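>>> Provided below are the primary sequence and the corresponding predicted coordinates.
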Amino acid sequence: MTDARNNQVSHMKWWGWGLDGVGFHWEDKPGFAPFVLKAVGLDLHTAQPVPEPSFADLKVPKSKATATFTGALAGIVGEDDVTTDDLERVVHTYGKSLRDLVRIRTHKIERLPDVVVYPDDEAEIQKVVDAVVAADAVLIPFGGGSNIAGSLEPRADEKRIVVSLDLGRLNKVLDIDEESGIARIQAGALGPHLEKQLNDKGWTIGHFPDSFTHSSIGGWVATRSSGMQSDKYGDIAEIARGMRVVRPGGTLVIRALPSTSSGPSVREMILGSEGRLGVITEVTAQVHRIPAKRDVYAYFFPNIEAGFAAMQEISESDATPSITRVSDARETGFSLATSKSRKGLDKFLAGTVLPGLMKRKGWAKQPGGLENICLSFIGFEGSVEHAKRQKKLVDAIVKKHNGMGVGTGPGVLYDQKKFDTPYLRDFLLDRGAAGDVSETAGPWSKLADLHAGAYAAANAAYEKIGRKGWIMSHLSHSYHSGACLYFTFAFVGGDDMLGEYDVVKSAIQQSFIDNGGTLSHHHGVGLEHSPWLEQDISPEGVKVMRGLFAVTDPGENLNPRKIVADVRESISR
Ligand SMILES: Cc1cc2nc3c(=O)[nH]c(=O)nc-3n(C[C@H](O)[C@H](O)[C@H](O)COP(=O)(O)OP(=O)(O)OC[C@H]3O[C@@H](n4cnc5c(N)ncnc54)[C@H](O)[C@@H]3O)c2cc1C
């Protein structure tokens, strides 16, 4: 880990995802190299990975912070907790989107924060916020730095001093109200740290995004995050009941109430606000007793249509699973290709028993045959009796849709490797391939169109840029009226990788809107998705949002231009 100057807070690699020394490896996955060759035309056996970027090669623009200003900040948080160190400023500049990774690797960092502060508590944060506004500087809260929507970077043309406020030292679970099942948690607590504190007392938050290891509860709230067990526990928008938000001149307090009808919801305004309404210092979150039973079962469906139909029927049934996930045929192929040395499902499918069963169910006779099979994971949590009953209900629905269960083995593997997948993007980038994700949510009636639309858009975009490209997808969460679809796409880029990426990413985003989906289900807006905001929430919706920010932050001191960026030029390419 790159240690911050203040050694109580650690960060991810400055140039990529996760911990130093940890990466993705393919040598123990026999299906991976052939898969990548077929998908994007990249031969892993001959590809020459670039060496790890060296910080010494980076030209870091000088900090604009004056001695008077940093002195004033030091007077608030203490000398050791203010820094203009180059590495610190770089670490706090971007999130971890593909655009961020490419820019940092190619030394494209036009505007960094000028100074990073590490406050100890809410009182210090209030003083920092007030000092920033008084000096007409800019303040950008920093949680884990894992966002992929361009939510952190200062605007490229920002003339004022930019302060990154790192919440990393506010990392404690302060109190659990066991009677109500709610816990007060400081906003900078990262997933594993807060979950451990809760687990030690027999509780869980039930929020597990893929970025869990390196994202904070304040960041989850500020981006409206969703986790892999949100089917049961709810998205962070449900989990976060109360909040304390430091604003210029005072603290906004949202009490943790189960529900309220006190006018338009200020709580909902803070959710997804990406630092534009103030600094979240504390979240009162719903927490649950650690369940007696937790299982993730794997199922197969003959094709994605059957998978979608089964998930919809499950969502309408009495069953309340914690995970409803179904990968399309391409993503199923990817999952099998990342299996280790002929273990688990890969071994099964290479044998005769499982394919034999599938053939007996008539799957080989469908158009595309067994190439169309889709892998699904469904989770059950609660008391032993509850989990058993849920599984029984789900099994009947799966059977009705011609699916079949294959036990918990693959689910255990999926659970173990779920936080390793993010390292894959750096591995591909090291070898010249761009890989990224786009996700949306839409009603059940539009789901098939959303899925097909994104595929068509990506393939047309690949044709346009003249690249062999890949796209795959899974349904990641189900709701009463629809579901979230999550797409991963990749291609080997040329000299203008980001230009090509824009063509593909934009085409997929536009297809979401055109086919009845939202611009993003859980990654937020930032700079990356703001061009689609008006189409998503209507011009009047944007007017309301602009009005909110204009009144609450007239000097544009709080993470300006995020969410409702007027133009896209602030993204430097
Ligand atoms: C590999 C990978 C996988 C991912 N998987 C998921 C996933 O499964 N689900 C999901 O929801 N997201 C996922 N994300 C996106 C990302 O992890 C989320 O957006 C996360 O919620 C960001 O939290 P963070 O603490 O890292 O916030 P940061 O990146 O530090 O900040 C994000 C935004 O929130 C603001 N902010 C942060 N903390 C505060 C605060 N205390 N007060 C006010 N504003 C604040 C920042 O100013 C910024 O605008 C993934 C990202 C990557 C790279």
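Now that the structure is in, tell me what you want to look at.

>>> Cross-check the contact I'm expecting between residue 525 and residue 533.
Yes: the pair residue 525 and residue 533 qualifies as a contact (CB atoms under 8 Å) at a distance of 6.1 Å. In this view, the C-beta of every residue, glycine as well, is placed from N, C-alpha and C.

>>> list residues touching both of these two?
519, 563 (CB atoms under 8 Å, 6 or more residues apart in numbering).

>>> So for those two, which sits in the more crowded spot?
Shown here are residue 525 and residue 533; by other CB atoms under 10 Å, residue 525 has more neighbours (26 against 19).

>>> So for the closest residue to the ligand within the stretch 1-150 of the chain, what's the pLDDT?
Proximity of the stretch 1-150 of the chain to the ligand (CB to the nearest ligand atom) peaks at residue 143, 2.5 Å away. Looking at residue 143, its pLDDT is 98.

>>> can you check residue 409 too?
Value for residue 409, per-residue pLDDT: 78.

>>> doesn't residue 298 make contact with it?
Yes: between residue 409 and residue 298 a contact is recorded at 7.3 Å, counting by CB under 8 Å.

>>> before we move on, the earlier item: so what does the residue of the stretch 1-150 of the chain closest to the ligand look like in phi/psi?
The phi and psi values for residue 143, taken as degrees, to the nearest 10, are phi -100, psi -90.

>>> Please give me every residue in contact with the closest residue to the ligand within the stretch 301-450 of the chain.
Relative to the ligand, the nearest point of the stretch 301-450 of the chain is residue 422 (3.3 Å; CB to the nearest ligand atom). By CB under 8 Å, 6+ apart, residue 422 lies in contact with 17-18, 96, 210-211.

>>> Please tell me I have it right and residue 140 contacts residue 161.
No: Residue 140 lies out of contact with residue 161 (CB under 8 Å); the separation is 11.5 Å.

>>> Endpoints of stretch 294-307, how far apart?
22 Å (CA to CA, to the nearest Å).

>>> Check which residues of that stretch are buried.
Of all the residues in stretch 294-307, those buried under the rule 16 or more other CB atoms under 10 Å are 295-307.

>>> How about the residues of the stretch 1-150 of the chain by the ligand?
17, 95-96, 140-148 (CB under 6 Å from any ligand atom).

>>> rerun that using 8 Å as the cut-off
Proximity of the stretch 1-150 of the chain to the ligand, by CB under 8 Å from any ligand atom, involves residues 17, 95-97, 140-149.

>>> Let me know the distance separating residue 45 from residue 37.
Distance, residue 45 to residue 37, using CB to CB, to the nearest Å: 9 Å.

>>> higher neighbour count, the two?
Just comparing residue 45 and residue 37: by other CB under 10 Å the higher neighbour count belongs to residue 37, 13 against 6.

>>> Which residue, other than its chain neighbours, is closest to that one?
For residue 37, ignoring the flanking residues on the chain, the nearest one in space by CB to CB, 6 or more residues apart in numbering is residue 43 at 5.5 Å.

>>> Reformat the contacts of residue 422 as CSV; add secondary structure and pLDDT.
Below are those laid out as CSV (DSSP: H, G, I helix; E, B strand; the rest coil; pLDDT from 0 to 100):
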residue, secondary structure, pLDDT
17, coil, 96
18, coil, 94
96, coil, 97
210, coil, 94
211, coil, 95
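
>>> JSON lines please, covering these and showing neighbour count.
Output for those, formatted as JSON lines (neighbours: other CB atoms under 10 Å):
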{"residue": "17", "neighbour count": "22"}
{"residue": "18", "neighbour count": "21"}
{"residue": "96", "neighbour count": "25"}
{"residue": "210", "neighbour count": "17"}
{"residue": "211", "neighbour count": "24"}
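
>>> Report pLDDT for the residue of the stretch 451-573 of the chain found nearest the ligand.
Distances between the stretch 451-573 of the chain and the ligand by CB to the nearest ligand atom are smallest at residue 522, namely 3.7 Å. At residue 522 the predicted local confidence, pLDDT, stands at 97.

>>> Assign a three-state SS to it, would you?
State at residue 522, reduced to three classes by DSSP: H, G, I helix; E, B strand; the rest coil: coil.

>>> re the thing from before, which one of residue 140 and residue 161 is surrounded by more residues?
residue 140 (26 against 22).

>>> Could I get the phi/psi values of the more buried one?
According to degrees, to the nearest 10, residue 140 has phi -120, psi 110.

>>> tell me the contacts of it?
92, 113, 152, 154, 162-165, 275, 559.

>>> taking those one by one, which sit in strands?
162-165 (DSSP state E).

>>> Dump these into TSV; add neighbour count as well.
Listed next are these as TSV, based on neighbours: other CB under 10 Å:
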residue	neighbour count
162	28
163	29
164	25
165	26
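
>>> Below-threshold pLDDT in this structure: ranges please.
1-7, 341-348, 350, 566-573 (pLDDT under 70).

>>> Show me how it divides into domains.
2-26+58-166, 178-289, 293-415 (automatic domain parsing).

>>> Make TSV out of these and add distance to residue 552.
Formatted as TSV, the domains of the chain follow (distance: least, CB to CB, whole Å):
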stretch	distance to residue 552
domain 2-26+58-166	12
domain 178-289	6
domain 293-415	37
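
>>> about what we covered before: farthest-apart pair in the buried residues of stretch 294-307, please.
Within these, two members stand farthest from each other by CB to CB: 295 and 305, at 26.4 Å.

>>> could you point out which element follows the helix or strand where residue 453 lies?
Following DSSP states H and E, one finds residue 453 within helix 447-465. Next along the chain after helix 447-465, taking DSSP H and E as the criterion, comes strand 469-478.

>>> which helices and strands sit right next to that next one?
helix 32-40, helix 230-233, helix 304-316, strand 323-327, helix 329-337, helix 447-465, strand 482-492 (3 or more CB pairs under 8 Å, 6 or more residues apart in numbering; DSSP states H and E).

>>> Strand partners (parallel or antiparallel) of that strand?
Partners of strand 469-478 in the sheet, by DSSP bridges, are strand 323-327 (antiparallel), strand 482-492 (antiparallel).

>>> coming back round to it: deepest-packed of the helices and strands packed on strand 469-478, please.
For the helices and strands packed on strand 469-478, average neighbour numbers computed from mean count of other CB atoms under 10 Å are highest in strand 323-327, which has a mean of 26.

>>> Between helix 329-337 and it, find me the angle.
100 degrees (axes from the mean of the first three to the mean of the last three CA atoms, to 10 degrees).
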